[in-house]
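> Predicted model, plus sequence, below.
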Amino acid sequence: MITKTGDSLSGKSKRQDDLDLVRGVAMILVILVHSGFCEPKFTAFASSIALSIFFMLSGLLASYQKETLGDLKTLLKKKVKHIFLPYVYFSLIQLAIHGVEMLCGVYTGHDMIQSLIDTLILHGDSVMWFLPALFIGQILFHLLIRRTGGFVFFGVTLFLGVISVICYLGLYPLLAAADTALGFAVVSHLVLTLLRGVFCMSLVALGYCIGALAITFDSFWRSRLKTLLIAVLCLAGQIPIALQNGNVDIRILNLKSIPLFYLSATLGSCGLVFLCVGLWDLFGNGANVRWTPFLFKPFVFWGRNSLIIMCTHLSFYILFLGIRYAFLMDRFVKHGKSYIFLFNLVLSVMVMETPVILLINRFFPFLLGRRRDKK
């Protein structure tokens, strides 16, 4: 696992390949869930991990990088640059795509107005909800942790997370009844935006507490066998809980049982992190270099660019094309199993995402809040 000598803890800007590996695997889970072609049991397993792990990773890194000790104003500028600005740019691109869809007759003027309003109130159109939720969650996290600490902080954030979901569930019947009118729809989505941000703050706080525990027991994680064993135990515990709770959707705060979701998301996220970090230490961290390009490098690359994949796989019709390709391949693979279809789907999506990633990084890095390399 990341140690106290690692780049993240020492404050250097170099990325952690093992955590990018985690993001890459999580991004594949997101694509599988969004495809709608997975078995219900797998969807229940993946839906509690796929997005919650990104919020928890942000909290874990805040712990390792000691972000809570830094200047709040500087930190806010960093979050605006790397989270909020990408939201603005990719939302504008998505609105432009909707404009083309309107000209083609597949998107209505009412839908366009709703998408524009959702973008302005930070509700987010389609998958774009993720970035403002992450932004609001992180800002609330840093504001709160500077005023509380220790078990009080953890208790307060968890309490607020639970209350945010309960409030939305209580308000949902009233909001749903009024959702036919555009004005009431705006109020409904604005309420959801604020409560979702509070809930996501609790996931960031969970990740922060897990990171603090990992630092405290740092010597324990130096054993690859122990790390992999904990990963297996966490995932083995998460699976029956996730199956019991069923499919969840953070976007609309549909968590089924709140305690089961928190337990499932925590165990699943920890299990995936420990598994990827343990395997990276075993095979990818100089232990067996010749295997690294084939086993891990693509996932590390996709994880490093997970923001691009998150913002483009739906709005750029990449997932749609991947599904069409998977159906096309089914014609040639007679009696193919469902996992072959899903493999072709994920592979085609990631292959199509790769040139998009390279193009944005090379020519349009401002979309990610970065300056273009002059070299």
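Thanks, I have it.
> OK, contacts around residue 57?
Residues counted as contacts of residue 57 (C-beta atoms under 8 Å, 6 or more residues apart in numbering) are 19, 22-23, 207, 269, 273. Glycine gets a C-beta too; all of them are placed from N, C-alpha and C.
> Could you pull out the strands in this structure for me?
Ranges of strands in the chain, per DSSP state E: none exist.
> What is the longest helix of it by residue count?
As assigned by DSSP state H, the longest helix anywhere in the chain is helix 182-216.
> okay if I get the contacts of residue 57 as TSV plus distance to residue 256 and neighbour count?
Output for those, formatted as TSV (distance: C-beta to C-beta, whole Å; neighbours: other C-beta atoms under 10 Å):
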residue	distance to residue 256	neighbour count
19	29	24
22	25	27
23	25	23
207	21	27
269	17	28
273	23	29
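> just the residues you listed now: which is nearest residue 47?
Distance to residue 47, by C-beta to C-beta, is smallest for residue 269 among those, at 12.5 Å.
> Setting the sequence-adjacent residues aside, check what's closest to residue 160.
residue 198 (5.4 Å; C-beta to C-beta, 6 or more residues apart in numbering).
> Among the contacts of residue 57, which ones are in helices?
Short answer: these in helices (DSSP H) are 19, 22-23, 207, 269, 273.
> Pull the most distant pair out of those.
23 and 207 (13.0 Å).
> tell me the helices in the stretch 1-150 of the chain, going along the chain?
Remark: helices assigned in the stretch 1-150 of the chain by DSSP state H, counting those that start in this stretch are 7-10, 17-35, 40-47, 52-64, 72-79, 85-103, 109-120, 130-145, 150-177.
> quick one on the thing from earlier: what pLDDT, on average, does the longest helix of the chain get?
Per-residue pLDDT over helix 182-216 has a mean of 88.
> What of stretch 126-142?
Per-residue scores along stretch 126-142 average to 95.
> With just CA atoms, put that stretch into PDB.
Only the C-alpha atoms of stretch 126-142 are listed here, as PDB (Å, rounded to 0.1, in the frame of the first residue of the first chain):
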ATOM      1  CA  SER A 126     -26.800  13.100 -17.200                       C
ATOM      2  CA  VAL A 127     -23.500  11.900 -15.900                       C
ATOM      3  CA  MET A 128     -22.300  15.500 -15.300                       C
ATOM      4  CA  TRP A 129     -23.900  15.300 -11.800                       C
ATOM      5  CA  PHE A 130     -20.800  13.600 -10.600                       C
ATOM      6  CA  LEU A 131     -18.400  16.600 -10.800                       C
ATOM      7  CA  PRO A 132     -20.500  19.100  -8.900                       C
ATOM      8  CA  ALA A 133     -21.400  16.400  -6.300                       C
ATOM      9  CA  LEU A 134     -17.700  15.800  -5.800                       C
ATOM     10  CA  PHE A 135     -16.900  19.500  -5.700                       C
ATOM     11  CA  ILE A 136     -19.600  20.300  -3.200                       C
ATOM     12  CA  GLY A 137     -18.800  17.200  -1.100                       C
ATOM     13  CA  GLN A 138     -15.100  18.100  -0.900                       C
ATOM     14  CA  ILE A 139     -15.700  21.700  -0.100                       C
ATOM     15  CA  LEU A 140     -18.200  20.800   2.700                       C
ATOM     16  CA  PHE A 141     -15.700  18.200   4.000                       C
ATOM     17  CA  HIS A 142     -12.800  20.700   4.300                       C
END
